[in-house]
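S.K.: I would like to see how this sequence folds:
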Amino acid sequence: MVLGFYCDLLSQPCRAVYIFLKMNKIPFEVKSVSLLRGDNHNKDFRKVSPIGRLPVIEDGGFILTECVAILKYLAVKYNVPDHWYPRTDLKAQARIDEYMNYQHLNTRTNMAMLFQNLWLLPMMLNRPIDRKKVDRYSNNVGVVIHQIDEYFLKDNRPFIAGDNISLADLLGLCEMMQLYACCQEKFIESNPKVNAWAERVKLKLAPYFDEANVEVNITRDKFMKSAATQPKL
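M.R.: I've put the predicted structure just below:
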C-alpha cells in the first residue's frame, strides 16, 4: 500500500517530509490539505488526525503526526542511507536529536513568528504590522543564527551532525526559508558560516528543494508587492 501523505507545502515541516520522501524514492500519495482554507479543521481530516495539524502520514492504517516522529519513522522503516539518521553512530544520532529538540522553540518558533507578523497576519487580518513584535522576533532570529553558528556548526562542521547531511540540516533549512518568504534572508547571508551551510544543504537536496519551495517563492513575490506600500523596516 502506498504511503498517504497529508500536507500543504506552505508548511515548513510538510516541505521537509516531502523532500525526504523524494530524496529517498519512497512511494507516496499526496493528500492535499489547505491550511489557508482551514481544511485541517474539517471533520474529515479530524477523523484522520484529531490534533488537526500537518504533516500526517498514513501507512496501511497506521497514522503518525509530528514531523520529527515522521522523519525518524521513515528513515528506519525504509532503511535510508545512514547519514540521514545514523543507526550505528550513537553520537551523530544524538547530535541530530539535539538539534531537532532545539529547533521547535528556537529556529521554528522565531522564524515562523517573524514571517507571520511581517506578512501572514497583517495580510489575513487586514491590519498594520506590529513593529514591536517584528523587532522582538527579529532579535530572536539573530540569536538563533548566532547559536547555530557558534554551537551547531562549531569546529567548522560542514553539516550539523558531521560530514554529511542529516534530518537536522533538512529541518533547519526548511524552517529558515520562512525568512526568504518575507525577504529577511539578510539574517542568513550576514553570517558567512551559516550562509555557506545553507548553500551546501540546498545542493544536497537538489532538485527537490526548489520543487518543494515553489509556494515559498510565490509568497515572497506577494510580500514584495505588499511591502512596497509599507514603511521600510
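S.K.: what's around the residue nearest to residue 209 when sequence neighbours are not counted, how many residues?
M.R.: Sequence neighbours aside, residue 202 is the residue nearest to residue 209 in space, at 5.4 Å (criterion: C-beta to C-beta, 6 or more residues apart in numbering). For glycine as for every other residue, the C-beta is placed from the backbone atoms N, C-alpha and C. Neighbour count for residue 202, taken as other C-beta atoms under 10 Å: 14.
S.K.: assign residue 202 to helix, strand or coil.
M.R.: Secondary structure state of residue 202, per DSSP: H, G, I helix; E, B strand; the rest coil, is helix.
S.K.: so it touches residue 176, yeah?
M.R.: No. Counting by C-beta atoms under 8 Å, residue 202 stays clear of residue 176, with 10.5 Å between them.
S.K.: mind checking how far the residue nearest to residue 209 is from residue 190?
M.R.: The gap separating residue 202 from residue 190 is 18 Å, by C-beta to C-beta, to the nearest Å.
S.K.: same for the helix or strand bottoming out on mean pLDDT in the chain, what does it pack against?
M.R.: One helix or strand of the chain scores below all others by mean pLDDT, DSSP states H and E: helix 121-125, with a mean of 87. When contacts are defined as 3 or more C-beta pairs under 8 Å, 6 or more residues apart in numbering; DSSP states H and E, helix 121-125 packs onto helix 214-227.
S.K.: which outside residues touch the helix it packs on?
M.R.: Residues outside helix 214-227 that contact it (C-beta atoms under 8 Å, 6 or more residues apart in numbering) are 9-10, 15, 118-119, 122-123, 177, 180-183.
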